[in-house]
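# Only the shape, not the letters, is given here:
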């Protein structure tokens with residue numbers, strides 16, 4: 001029995017519920033001393049660097065007005081980026097970065113909160129910490145405060161950087177608050193998920209599903225109506241955009257974010273007060289009395305552990321592919337009279353036709369999102385290890401390499417399955433819109449599968465870190481986020497080629513429509529083999545746990 005303060009012994013408002021919060025917060029910040037600064041710097045500097053890029057591309061008010069008009073007139077691009085509310089340089093920065101910045105801040109926040117709540121309980125560390133004088137609400141409060149530190153860092157760096165570069169202070173503050181506030185809201189939602197589920201993996205998946213639904217609602221709402229529709233207002237991502245930084249700020253949207261965050265936080269506290277440490281409101285159902293023969297090997301066990309996650313990711317990306325495939329046809333209308341808009345998509349999707357460039361940017365985005373699945377599937381081994389579940393398996397006839405190989409097979413093959421599903425629905429939806437289902441599906445499916453070697457490379461990096469530096473496994477998420485930021489924002493920011501090459505996605509051809517050579521696929525695959533081999537060697541030589 002832990003020394004967690006019991007609800008019957010202490011009244012709900014008693015400050016002893018928060019005993020030890022400061023100590024737990026310092027511990028959380030120390031454990032995240034690498035991950036949080038990397039996330040904050042990458043996200044904040046990406047937003048700030050967008051301003052000079054737009055200033056060099058659109059140096060007159062006329063050019064900026066033409067860009068805003070062409071973007072707002074096209075439902076495909078409104079679905080991807082959202083509407084342009086202001087044609088100033090600051091307004092273009094907010095248009096380009098508010099939505100995607102909010103998504104990245106949400107990912108950062110959910111990882112922080114779940115790591116210091118459900119993951120701590122799952123591994124048994126919270127039981128040890130609670131043997132001291134620790135209040136019932138202290139772990140959750142410390143996790144939320146750690147997320148608050150990270151989101152406040154993003155907001156301050158964004159606002160201060162934009163204001164220092166000459167953008168209006170009010171708009172800079174609004175954009176920083178929109179991004180940081182959305183991250184804090186998803187921190188509270190992650191806190192709820194941590195109470196509902198019995199594993200960190202399920203908590204991340206549940207919160208990630210909410211984030212995906214929020215993005216889909218925002219995209220559907222903005223595609224259907226210029227300036228948003230009721231669907232947009234069902235999404236916190238839409239709220240971040242409709243705060244309208246640099247375009248007559250709607251400060252009441254901040255109150256909407258704050259009120260929703262407060263309600264979600266109160267719900268998380270209410271749930272944590274009504275469950276025992278280590279328990280959940282949605283416990284896993286008991287398995288069958290006799291194990292199937294498939295569990296007789298490490299690959300079958302890895303499949304049993306990860307099949308639900310794989311199914312969720314497959315369904316989610318398949319839905320996203322269908323949505324974007326249905327609106328891809330409208331991208332071609334941007335060609336008319338706006339060469340600068342074409343230049344943006346050529347940097348994102350290649351020099352081919354504008355529709356192909358749009359499809360290439362979408363396949364690239366799907367590939368970047370799939371990296372989150374691949375890295376999570378590899379790092380599942382770390383959760384099994386720290387949770388004490390790997391030792392009983394390895395104590396038998398299963399060696400470390402076979403055990404790791406089972407999880408790697410699921411991660412690598414699962415990546416291809418996830419991207420194949422996304423490419424198939426993207427191609428079918430696009431082919432149906434242009435009257436050529438067979439031709440459109442084949443080209444788009446091949447383009448989506450071309451992202452697999454880059455995703456494998458990030459999964460291989462996770463394996464190398466897991467084998468050689470297991471205590472730094474959490475930093476892999478920050479590295480993955482950095483590669484995603486380089487791949488998505490780098491071309492628009494006109495970063496030098498050496499910077500784009502730091503991401504494996506920078507080496508891939510822009511498909512469909514671009515020139516294809518075998519060299520980048522072979523090099524990335526070879527690099528993946530080397531990194532995985534190094535990780536397996538490290539795993540074989542180090543202590544487990």
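Done, it's in. All values reported here derive from a predicted model rather than from experimental measurement.

# Residue 442 and residue 433, how far apart?
16 Å (CB to CB, to the nearest Å). The C-beta positions use only the backbone N, C-alpha and C, and glycine is treated the same way.

# What of residue 73?
Counting by CB to CB, the gap from residue 73 to residue 433 is 18 Å.

# Same check on residue 176?
For residue 176, the distance to residue 433 - CB to CB - is 38 Å.

# the more surrounded of those two?
residue 176 (26 against 16; other CB atoms under 10 Å).

# Could you give the number of residues near residue 519?
Neighbourhood size, residue 519 [other CB under 10 Å]: 9.

# need the contact list for it.
Contact analysis of residue 519 by CB atoms under 8 Å, 6 or more residues apart in numbering lists nothing.

# same check, this time on residue 463
378, 404, 408, 531-532, 535-536 are the contacts of residue 463 under CB under 8 Å, 6+ apart.

# Tell me the first helix or strand C-terminal of the host helix or strand of it.
Counting by DSSP states H and E, the element that carries residue 463 is helix 452-468. Following helix 452-468 in sequence order, the next helix or strand is helix 475-493 (DSSP H and E).

# how distant is stretch 217-235 from the center of its chain?
21 Å (CA atoms, centre = their mean, to the nearest Å).

# So the nearest residue in space to residue 247 that is not next to it in sequence: helix, strand or coil?
What sits nearest to residue 247 in space, not counting adjacent residues and going by CB to CB, 6 or more residues apart in numbering, is residue 86, at 3.1 Å. The three-state label given to residue 86 by DSSP: H, G, I helix; E, B strand; the rest coil is coil.

# Surely residue 86 touches residue 241?
No - counting by CB atoms under 8 Å, residue 86 stays clear of residue 241, with 11.7 Å between them.

# So if I had to pick from these two, which one is more boxed in?
Using other CB under 10 Å as the criterion, residue 86 and residue 241 rank with residue 241 on top: 26 against 19.

# what does the model give that one for pLDDT?
Looking at residue 241, its pLDDT reads 90.

# give me the element it is part of.
Element membership of residue 241 [criterion: DSSP H and E] is helix 236-242.

# cool, residue 39 as well?
Going by DSSP H and E, residue 39 is part of helix 35-57.

# name the helices or strands packed onto the helix or strand following that helix?
Sequence-wise, the next helix or strand downstream of helix 35-57 (DSSP H and E) is helix 61-72. In this structure, helix 61-72 packs against helix 75-81, helix 89-115, helix 339-349, with contacts taken as 3 or more CB pairs under 8 Å, 6 or more residues apart in numbering; DSSP states H and E.

# could you check the angle helix 61-72 makes with the longest one?
For the pair helix 89-115 and helix 61-72, the angle between their directions (axes from the mean of the first three to the mean of the last three CA atoms, to 10 degrees) equals 50 degrees.

# buried residues in the host helix or strand of residue 325?
Element membership for residue 325 (DSSP H and E) is helix 298-327. Within helix 298-327, the residues that qualify as buried are 298-299, 301-303, 305-306, 309-310, 312-314, 316-327, counting by 16 or more other CB atoms under 10 Å.

# One more: stretch 108-115?
Result for stretch 108-115 [16+ other CB under 10 Å]: buried residues 108-115.

# And for stretch 439-459?
Those would be 440-441, 443-445, 447-459, for stretch 439-459 by 16+ other CB under 10 Å.

# confidence score at residue 272?
88.

# other SSEs contacting the helix holding residue 325?
Short answer (3+ CB pairs under 8 Å, 6+ apart): helix 298-327 packs on helix 75-81, helix 200-224, helix 354-386, helix 400-434.

# now the angle from it to helix 354-386?
Going by the same axes, to 10 degrees, helix 298-327 makes 150 degrees with helix 354-386.

# got the angle for helix 298-327 vs helix 400-434?
20 degrees.

# hang on, the earlier thing: which of the helices and strands packed on helix 61-72 is buried the deepest?
helix 89-115 (a mean of 27; mean count of other CB atoms under 10 Å).

# what's the distance between that one and the middle of its chain?
Worked out by CA atoms, centre = their mean, helix 89-115 lies 10 Å from the chain centre.

# and the angle for that helix with helix 475-493?
Helix 89-115 and helix 475-493 meet at an angle of 170 degrees, taking the same axes, to 10 degrees as the criterion.

# Can you classify residue 515 by secondary structure?
coil.

# got the contact list for it?
Taking CB under 8 Å, 6+ apart, we find residue 515 in contact with residue 509.

# Let's see the pLDDT reported for it.
Note for residue 515: predicted pLDDT of 81.

# quick one on the thing from earlier: export the buried residues of stretch 108-115 to a markdown table and tack on pLDDT?
Below are the buried residues of stretch 108-115 laid out as a markdown table (pLDDT from 0 to 100):
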| residue | pLDDT |
| --- | --- |
| 108 | 92 |
| 109 | 95 |
| 110 | 93 |
| 111 | 90 |
| 112 | 94 |
| 113 | 95 |
| 114 | 93 |
| 115 | 90 |
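
# I'd like those written out as TSV, with distance to residue 60 added.
Converted to TSV, the buried residues of stretch 108-115 look like this (distance: CB to CB, whole Å):
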residue	distance to residue 60
108	36
109	38
110	41
111	42
112	42
113	45
114	47
115	47
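
# Identify, from the residues you listed, the entry nearest to residue 216.
Taking CB to CB as the measure, residue 216 lies nearest residue 110 of the buried residues of stretch 108-115, at 17.1 Å.

# How about the secondary structure of the residue nearest to residue 267 when sequence neighbours are not counted?
Distance criterion CB to CB, 6+ apart; nearest residue to residue 267, sequence neighbours excluded, is residue 192 at 5.6 Å. At residue 192 the chain is in helix, as set by three-state DSSP.

# Give the burial count for residue 192, as a bare number.
When neighbours are counted by other CB under 10 Å, residue 192 comes out with 23.

# mind listing what it touches?
Residue 192 makes contacts with 264, 267-268, 271, as judged by CB under 8 Å, 6+ apart.

# out of the residues you listed, which is most surrounded?
Neighbour counts for the contacts of residue 192 peak at residue 268, which has 27 neighbours (criterion: other CB under 10 Å).

# which stretches of the stretch 401-545 of the chain have low pLDDT?
492-494 (pLDDT under 70).

# typed the wrong thing, it's the chain
For the chain (pLDDT under 70), the answer is 1-16, 76, 225-228, 284-287, 329-354, 492-494.

# centroid residue for it?
Taking CA atoms, centre = their mean as the criterion, residue 107 is the residue nearest the geometric centre of the chain, at 4.5 Å.

# from what I can see it touches residue 481, true?
Yes - counting by CB under 8 Å, residue 107 touches residue 481, with 6.8 Å between them.

# Could you tell me which residues within stretch 58-75 count as buried?
Neighbour counts over stretch 58-75 (16+ other CB under 10 Å) mark 58, 64, 66-68, 70-72, 74-75 as buried.

# again with stretch 203-213
203-208, 210-212.

# on that earlier part again, want to throw the contacts of residue 192 into TSV with secondary structure and distance to residue 395?
As requested, the contacts of residue 192 are arranged in TSV below (DSSP: H, G, I helix; E, B strand; the rest coil; distance: CB to CB, whole Å):
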residue	secondary structure	distance to residue 395
264	helix	42
267	helix	41
268	helix	37
271	helix	36
